[in-house]
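[1] following is a predicted model, sequence given first.
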Amino acid sequence: MLVIGLEVIEAALKRHAPARGPVARWLKITLESEWKNIVEVRRTFPTADAIKGTAWTCFNIGGGNYRLITGIFYVSSTVRIEELLTHAEYDKKY
């Protein structure tokens, strides 16, 4: 997959430095993947889920301490980073 919006991750990691390792692992796995649908995403990341009322997919990062919000465009094999939030920030927003 092509991952765009890496600047969003970099900005968020300035606030959430402990997420750097887990995000790097997610990024490596995602770049090596070729997902065609959410079922394939869940084979790789079983806790990945659609956010109700949006077109976004949420990944639990760092043992569930962080939420990585993405838009996945399967036809173009592209993942767009929307936000990286702590679990508490995610609960307030979504």
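    Noted; the coordinates are in hand.
[2] can you give me the strands in this protein?
    Along the chain, counting by DSSP state E, strands occupy 2-4, 49-50, 57-61, 66-73, 78-86.
[3] possible to save those as a markdown table with distance to K36 and mean pLDDT?
    Yep, even glycine has a C-beta here, placed from its N, CA and C like the rest. As requested, the strands of the chain are arranged in a markdown table below (distance: least, C-beta to C-beta, whole Å; pLDDT from 0 to 100):
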| stretch | distance to K36 | mean pLDDT |
| --- | --- | --- |
| strand 2-4 | 14 | 97 |
| strand 49-50 | 16 | 90 |
| strand 57-61 | 14 | 95 |
| strand 66-73 | 10 | 96 |
| strand 78-86 | 13 | 96 |
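[4] export those strands as a markdown table, with columns for distance to A11.
    Compiled in a markdown table, the strands of the chain are given as follows (distance: least, C-beta to C-beta, whole Å):
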| stretch | distance to A11 |
| --- | --- |
| strand 2-4 | 14 |
| strand 49-50 | 24 |
| strand 57-61 | 15 |
| strand 66-73 | 13 |
| strand 78-86 | 9 |
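[5] hang on, isn't F73 packed against A55?
    No - contact criterion C-beta atoms under 8 Å: F73 and A55 do not qualify, at 9.5 Å.
[6] so which of the strands of the chain gets nearest E40?
    E40 sits nearest to strand 66-73 of all the strands of the chain, at 10.1 Å, using C-beta to C-beta.
[7] okay, buried residues for that closest one please.
    Y66, R67, L68, I69, T70, I72 (16 or more other C-beta atoms under 10 Å).
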